[in-house]
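J.: Sharing a model that was predicted from the sequence below.
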Amino acid sequence: MTLINILPTLQIILSVLLIIVILLQRSEESLGGAFGGSDSIETTKNTRRGGEKTLFQSAIVIAVLFTIVSIAVVITK
C-alpha cells in the first residue's frame, strides 16, 4: 500500500472521529446563542474541566490532522 492509497482512508476515519467528538460535546446554547446573543440571564462563562476539556482538545487535534491530511491528498493528486 502506498501513501496515495492510505491518505483517503485516513481522511474518512478522521472525519468520522471528528463528527463523533463534536456531537459528544455538551452544548447549553439555544438558538439565540448560536447567533451571538444569549437566551439566559446568567452569562457567566463556563470553564471546561475533565472529560469535557479532553473532548474539546481532541476535537482540535483531530481537526488539525484532518486539515493536514486533506492538504496532503490534494498535493499528491
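T.: Yep, that arrived.
J.: State the helix or strand in which the most centrally placed residue in the chain lies.
T.: The residue lying closest to the centre of the chain (C-alpha atoms, centre = their mean) is Ala59, at 3.7 Å. Using DSSP states H and E, Ala59 maps to helix 51-76.
J.: now that helix, how far from the centre of its chain.
T.: Distance of helix 51-76 from the chain centroid (C-alpha atoms, centre = their mean, to the nearest Å) equals 7 Å.
J.: what mean pLDDT does it have?
T.: The pLDDT scores in helix 51-76 average 94.
J.: what packs against that helix?
T.: For helix 51-76, the elements it packs on are helix 3-24, judged by 3 or more C-beta pairs under 8 Å, 6 or more residues apart in numbering; DSSP states H and E. All C-beta atoms are positioned from the backbone trio N, CA, C, and that covers glycine.
J.: Direction-wise, compare the helix it packs on with helix 51-76 and give the angle.
T.: Counting by axes from the mean of the first three to the mean of the last three C-alpha atoms, to 10 degrees, helix 3-24 lies at 150 degrees to helix 51-76.
J.: Show me what counts as buried in helix 3-24.
T.: 7, 11, 14, 17-18, 21 (16 or more other C-beta atoms under 10 Å).
J.: Residues in contact with it: which ones?
T.: By C-beta atoms under 8 Å, 6 or more residues apart in numbering, the residues outside helix 3-24 that reach it are 55, 58-59, 62-63, 65-66, 69-70, 72-73, 76.
J.: Show me just the buried residues among these.
T.: Buried by 16+ other C-beta under 10 Å: 55, 59, 62-63, 65-66, 69, out of those.
J.: Nearest to Arg48 among these?
T.: The shortest gap between Arg48 and any of the buried ones among the contacts of helix 3-24 belongs to Leu55, at 8.3 Å (C-beta to C-beta).
J.: Pretty sure the closest one sits against Ser27.
T.: No. Judged on C-beta atoms under 8 Å, Leu55 makes no contact with Ser27 at a distance of 11.7 Å.
J.: on that earlier part again, between the buried ones among the contacts of helix 3-24, which is closest to Met1?
T.: Closest approach to Met1 among the buried ones among the contacts of helix 3-24 (C-beta to C-beta): Val69, at 15.3 Å.
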